[in-house]
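Chemist: Have a look at this prediction, sequence included:
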Number of protein chains: 2
Amino acid sequence: MPEKVLVHSRFPRTMLKRFGERFELMDAAGKPAGELFAAEELASVRAMITAGGRPLGAAAMDLFPSLGAIICYGTGYDGIDLEAARKRKIVVGHSPGANASSVADIAITLMLAAIRRLVVADNYVRSGDWAAAKPSLMMRPQAGMRGRRVGVYGMGEIGRKIAARVAAFDTEVGYFSRSRPDVPYQYFPSLEALADWCSILMIAVRAGADTHHAVDADIFRRLGTDGHVINVARGSVVDEAALAAALADRTIAGAGLDVHEQEPRAPDALTALPNVVLTPHIGGHTLESHTAMQDCVIANLEAFFAGQALPFAVKTG
Amino acid sequence: MPEKVLVHSRFPRTMLKRFGERFELMDAAGKPAGELFAAEELASVRAMITAGGRPLGAAAMDLFPSLGAIICYGTGYDGIDLEAARKRKIVVGHSPGANASSVADIAITLMLAAIRRLVVADNYVRSGDWAAAKPSLMMRPQAGMRGRRVGVYGMGEIGRKIAARVAAFDTEVGYFSRSRPDVPYQYFPSLEALADWCSILMIAVRAGADTHHAVDADIFRRLGTDGHVINVARGSVVDEAALAAALADRTIAGAGLDVHEQEPRAPDALTALPNVVLTPHIGGHTLESHTAMQDCVIANLEAFFAGQALPFAVKTG
């Protein structure tokens, strides 16, 4: 008989199909599991799949007295209370690096779209304004990529892939990161020093209490009037209200955000602006990264039910 | 006294300011010079600045009996009747490579925007559809860049810069070009062979009679249903009506166009489609490429008026 696995977050049905072939899924689809399933059903759950950014604390874990494994779909696990998991001897797994190329690609997509004002440009052609020779601020030449200083905040797998791509655009690349991996880019000892040096800031840092609102009004001032901020990490890293203000008063020139403080919402203060590009957290949203992330979930679940260590484990203590 | 220079095409005033400091400009701004200026004024014109894509044939040249130099702003010179210029001993100059980085950048911008459906994604967030959890085909994962075969059509300076950028995205790069420069990419003996091999076709070929509609319905079929076409060369290289049909019936998946057959117009058949990204010929439209192109124009004009060979000359015979 297939093992039962609770699906904690809301995932597309097509995505769950492959898991459903191997496990018996109890799909809470983002709703409170305690309201959907009987207590004895919850008591039989030994493993769950969740989105790493979705809050999962001690109280939620206690609904499942047999829970032994929390498997995050994706790289992040910032929603999981790791201390609570450790105390309950619950192992935590994720999909490290499986979506790194796709997330790095969306970072470059947003960077180029912001620098070259792609959404405004597409609308200028599509609306007929170009054919009508309507004046547009967009048609004023602006600084492009060549010779730009690009700062990468966070030099994990995604940060390294972003840096490798950015370096191909005739730019200089610098970085700030907790660790100092062996990479051929200029290291800066703080985010402030990086922001003083660069004009484009690529945020690829792991989210947590220490990075909450790390990119704030002070950082925007340091980036300067040709500054751009690109965030593909987590919405919590950027002070979104301060960003909207900095974009509106042109403290910086532009921004590109795949992640948002209150997903799935972007505030009106941002959506009203022409100098920001917004995507609905689709960084890892490609066929190849979904396949790779699913591979990690299945490998983690199969190892867990076989009594083995998770091949893609998060350190909980 | 500064030398007189006729401005044949329409250029932004800010762009002409720098030329106006060195030369006495007669700005026809894209209108027929014969209607704007007296015959004796035209007779005194020895040099003109024009956009390389704008038609300039024997009859137009004959309006200027003293004309000795046609200086194209930008890399292209496909609008100039070179044979007519040669017969009249008119030298032709351009700005080779000055905008290559900027044009290569817009090619990558369009490629990523098409692959990741950026304009649709931005609208999904901005409209509130994401917050309302409205279904969207966009949210279905599609193939990203990783492992893609990307074909570059034309391996001049822009083609090489496109290839170098594309290679950073975990892709395989191939090319077809008249010449076979020393580049580390797989060579294909024809455009058809390249299209059979790749799924993303980047068009960076020099426009001319031999490349007119070179990318047509047959090429789209060869690219296949996950195919994408990106054009930053000239609109004439692509059969635009066939492209609109191929996008509408999903013979290919998407396209990104910075250049168009009938600029400044994009046909309704294209502007109605969600799977194409359109920009208003802004490839070379950055401060640094404008500065570099202006440098070439000034160097060409100063050399011409000093009786020297053009430093950035087009071979006319």
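Modeler: It's in. Numbering: from 1, shown residues only, chains lettered A, B, ... in the order given.
Chemist: could you measure A:Lys315 against A:Tyr77, distance?
Modeler: For A:Lys315, the distance to A:Tyr77 equals 10 Å [Cβ to Cβ, to the nearest Å]. Just so you know, the C-beta spots here come from the backbone N, C-alpha and C atoms, and that holds for glycine as well.
Chemist: Please say which of the two ends up with more neighbours.
Modeler: Neighbour comparison, A:Lys315 and A:Tyr77: the larger count goes to A:Tyr77, with 26 against 7 (by other Cβ atoms under 10 Å in any protein chain shown).
Chemist: Find the residue closest to that one in space, skipping its chain neighbours.
Modeler: A:Gly52 (4.3 Å; Cβ to Cβ, 6 or more residues apart in numbering or on different chains).
Chemist: wait, doesn't that neighbour sit right on A:Ile80?
Modeler: Yes - if you go by Cβ atoms under 8 Å, A:Gly52 and A:Ile80 touch, sitting 6.8 Å apart.
Chemist: near chain B, which residues of the stretch 1-150 of chain A show up?
Modeler: Counting by Cβ under 8 Å from any Cβ of the partner chain, the residues of the stretch 1-150 of chain A close to chain B are A:12, A:14, A:101-102, A:105-106, A:108-110, A:112-113, A:115-116, A:118-119, A:121-122, A:124-126, A:128, A:130-131, A:133, A:138-147.
Chemist: Go again with 6 Å.
Modeler: A:101-102, A:105, A:109, A:112-113, A:116, A:118-119, A:121-122, A:124-126, A:130-131, A:141, A:143-146 (Cβ under 6 Å from any Cβ of the partner chain).
Chemist: Tell me the buried residues within those residues.
Modeler: A:101-102, A:105, A:109, A:112-113, A:116, A:118-119, A:121-122, A:124-126, A:130-131, A:141, A:144-146 (16 or more other Cβ atoms under 10 Å in any protein chain shown).
Chemist: mind listing the helices in the stretch 1-150 of chain A by residue range?
Modeler: A:13-20, A:33-36, A:39-43, A:58-61, A:82-87, A:100-115, A:118-126 (DSSP state H, counting those that start in this stretch).
Chemist: Mean pLDDT and distance to B:Arg22 added to those, as JSON lines?
Modeler: Formatted as JSON lines, those follow (pLDDT from 0 to 100; distance: least, Cβ to Cβ, whole Å):
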{"stretch": "helix A:13-20", "mean pLDDT": "89", "distance to B:Arg22": "63"}
{"stretch": "helix A:33-36", "mean pLDDT": "92", "distance to B:Arg22": "75"}
{"stretch": "helix A:39-43", "mean pLDDT": "93", "distance to B:Arg22": "80"}
{"stretch": "helix A:58-61", "mean pLDDT": "95", "distance to B:Arg22": "72"}
{"stretch": "helix A:82-87", "mean pLDDT": "97", "distance to B:Arg22": "67"}
{"stretch": "helix A:100-115", "mean pLDDT": "97", "distance to B:Arg22": "31"}
{"stretch": "helix A:118-126", "mean pLDDT": "97", "distance to B:Arg22": "32"}
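Chemist: Go through those helices and name the closest to A:Gly227.
Modeler: Nearest of those to A:Gly227, taken as Cβ to Cβ: helix A:100-115 at 10.6 Å.
Chemist: got the angle for that closest one vs helix B:118-126?
Modeler: If you take axes from the mean of the first three to the mean of the last three Cα atoms, to 10 degrees, helix A:100-115 sits at 80 degrees to helix B:118-126.
Chemist: neighbouring contacts of helix A:100-115?
Modeler: Counting contacts by Cβ atoms under 6 Å, 6 or more residues apart in numbering or on different chains, the residues outside helix A:100-115 that touch it are A:157-158, A:161-162, A:165, A:202, A:228, A:230, A:232, A:254, A:256, A:258, A:277, A:283-284, A:286, A:289, B:109, B:112, B:116, B:118, B:144-146, B:170.
Chemist: what do you get for stretch A:139-151?
Modeler: Residues beyond stretch A:139-151 that count as contacts (Cβ under 6 Å, 6+ apart) turn out to be A:166, A:169-174, A:194, A:197-201, A:226, B:101-102, B:105, B:285-288, B:290.
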